[in-house]
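> Dropping the sequence and predicted coords here.
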Amino acid sequence: MNFALRKPVIAALAACFLNAASAAPANEPATLNQIRDTAMQSDWALKRLEDLTDLVGPRLSGSAGAAAAVEQVADAMRKLGAKVTLQPVKVPHWVRGEEKGELVDYAGRPAGVTQRVVLTALGGSGATPAAGLNAQVVIVHDLDELQARAAEVKGRIVLFDVPFDQGMADRGLAGPAYGRLSRMRTQGPKLGSKLGAAAVLIRSIGGADYRLAHTGATGLSADDRIPAAAITSEDAMLIARLTKRGPVTMKLTLTPQTLPDADTFNVIADLPGSDKADEVVVVSGHLDSWDLGTGAHDDGTGVASSMAVIETLKKLKLQPRRTIRVIAWANEENGTRGGAAYHAENKGRLDKQFAAIESDGGAGRPFGIRGSVKPQYAKLFAPLQAALLPIGAGHFARQDALGAADLYLLEADGVPLFEPLSDGSAYFDYHHTAADTFDKVSPDHLRRHVALMTALSWYLANMDQPIGRAPEQQQ
């Protein structure tokens, strides 16, 4: 055979060799270890977090900060060579105004003395008159007690005085401790409005009682909007003590505004897959934050570590079989409309959403992964656990459902969800407060998050068998 005839044969043999190499198992230990070690040596995510928190700052939906964050993240992902799409989302636009509380009358009050109450308006709160309102405070401890004391509520300020259980948080149950109280924040103002309360106050939901007010969303709408605020634990305890002496009257001034819905975007950045490019593994965090701090833990770290998944794989020149899709969600804090918009757009092709990851629990040290897979699939993650064991993140906790804020609709339709299993004992010290700032984030812990999220994303993107589908298709 002459050389001219041999060239196509050599080319064909080379192509077969390359195809065989690319078809080799991508989830072998050496690759997973390389991903882990590369992430642990990089501060790329930390720098992106610093850009987000220090240059943009607070990012409440509808704000200039939220718009700037979209551009910053999209630009960073384009520089990596990712395919960037901006998905339009209509979001609530609520603006904080003046907020002031003062105890103006109580038993034993010296003449001319009043006491300041440290508080902050809750998202969706209505406004008091510009000059404020004066009303007696009624203390309750749960929704049932409020309903039972309905006759005492009309025209008064209701205070839900329930402490955050830091003991639960210290033992790995920070989420349940928060969830038990957040129900009062989301439902208490609505019930108070129904019963004719002048305003509703919530004892701040969080630990580290340094007279910090923790904001958060309410379930208020145009039909039941009344003034609603969170007060510090110290001030809640003060009012409770004074109430034992006799009636307590507060002057409350809140002047927030609810403006027409605003336009923003989910930032979507794709690292295209190879032979299964039409299937997607989502890795995500939410881009918006409350307006008091700069949203470092909630959820700048989730966005930065998700972005770093693509940066790490690009650095290693690794292409996944499935497309890895980084999403910086819009409007998690006071509406979750970003997650709803993505679900609606993909409703007809959920079979292509292979799995989804959300990091929205801050950057405490990760110890492993939570996953909403069926019991028979948990064993498939043993190689990934082995790769993460050297950084102390090798635990796999299977659950029936995670209920992640931006992804719960996908999960309800059969898409398995995953999230870092992290130390949350200090998370609610800063959550939704002015103290949620860049300096609270441990660089080492953030590197571990990036290592975990990148290894998990890669592992899911290269698995041979499906681990979840729409309910009617599940095994």
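Thanks, I have the structure now. Please read all numbers here as calculations on a predicted model, not as lab measurements.
> Averaged pLDDT, stretch 338-347. What do you get?
Averaging pLDDT along stretch 338-347 gives 97.
> From the chain's centroid, how far away is that stretch?
Centroid separation for stretch 338-347 versus its chain: 17 Å, with CA atoms, centre = their mean, to the nearest Å.
> Give me the buried stretch members for that stretch, please.
Buried residues in stretch 338-347, defined by neighbour count with 16 or more other CB atoms under 10 Å: 338, 339, 341, 342, 343, 346. Bear in mind the C-beta positions are built from the backbone N, C-alpha and C, glycine included.
> With stretch 89-109 instead?
For stretch 89-109, by 16+ other CB under 10 Å, it's 89-94, 96, 99-101, 103, 106, 109.
> again with stretch 410-422
Quick answer for stretch 410-422 (16+ other CB under 10 Å): 410, 411, 413, 414, 415, 416, 417, 418, 419, 420, 421, 422.
> how about the helices of the stretch 101-250 of the chain, start to end?
143-148, 166-170, 174-194, 233-245 (DSSP state H, counting those that start in this stretch).
> What residues does residue 191 make contact with?
143, 146, 147 (CB atoms under 8 Å, 6 or more residues apart in numbering).
> re earlier: among the buried residues of stretch 410-422, name the ones in helices.
Counting by DSSP state H, the part of the buried residues of stretch 410-422 found in helices is 410, 411.
> So which of the buried residues of stretch 410-422 is the closest to residue 192?
Relative to residue 192, the closest of the buried residues of stretch 410-422 is residue 411; by CB to CB it sits at 32.0 Å.
> ok, residue 236 - contacts?
Contacts of residue 236 by CB under 8 Å, 6+ apart are 159, 161, 201, 203, 204.
> got JSON lines for these, with pLDDT, neighbour count and distance to residue 219 too?
JSON lines is the format used below for the contacts of residue 236 (pLDDT from 0 to 100; neighbours: other CB atoms under 10 Å; distance: CB to CB, whole Å):
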{"residue": "159", "pLDDT": "98", "neighbour count": "26", "distance to residue 219": "18"}
{"residue": "161", "pLDDT": "98", "neighbour count": "19", "distance to residue 219": "20"}
{"residue": "201", "pLDDT": "98", "neighbour count": "30", "distance to residue 219": "16"}
{"residue": "203", "pLDDT": "98", "neighbour count": "28", "distance to residue 219": "18"}
{"residue": "204", "pLDDT": "97", "neighbour count": "32", "distance to residue 219": "18"}
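> quick one: which of these sit in strands?
159, 201, 203 (DSSP state E).
> ok, those vs residue 231, which is closest?
residue 201 (5.2 Å).
> related to what we said a few turns ago, now render the ones in strands among the contacts of residue 236 as TSV, adding distance to residue 469.
Output for these, formatted as TSV (distance: CB to CB, whole Å):
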residue	distance to residue 469
159	47
201	46
203	43
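> Which members of the buried residues of stretch 89-109 are positioned in strands?
Using DSSP E, those in strands are 89, 90, 91, 92, 93, 94, 99, 100, 101, 103, 106.
> could I get these as CSV with pLDDT?
CSV is the format used below for those (pLDDT from 0 to 100):
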residue, pLDDT
89, 98
90, 98
91, 98
92, 97
93, 97
94, 97
99, 97
100, 98
101, 98
103, 98
106, 98
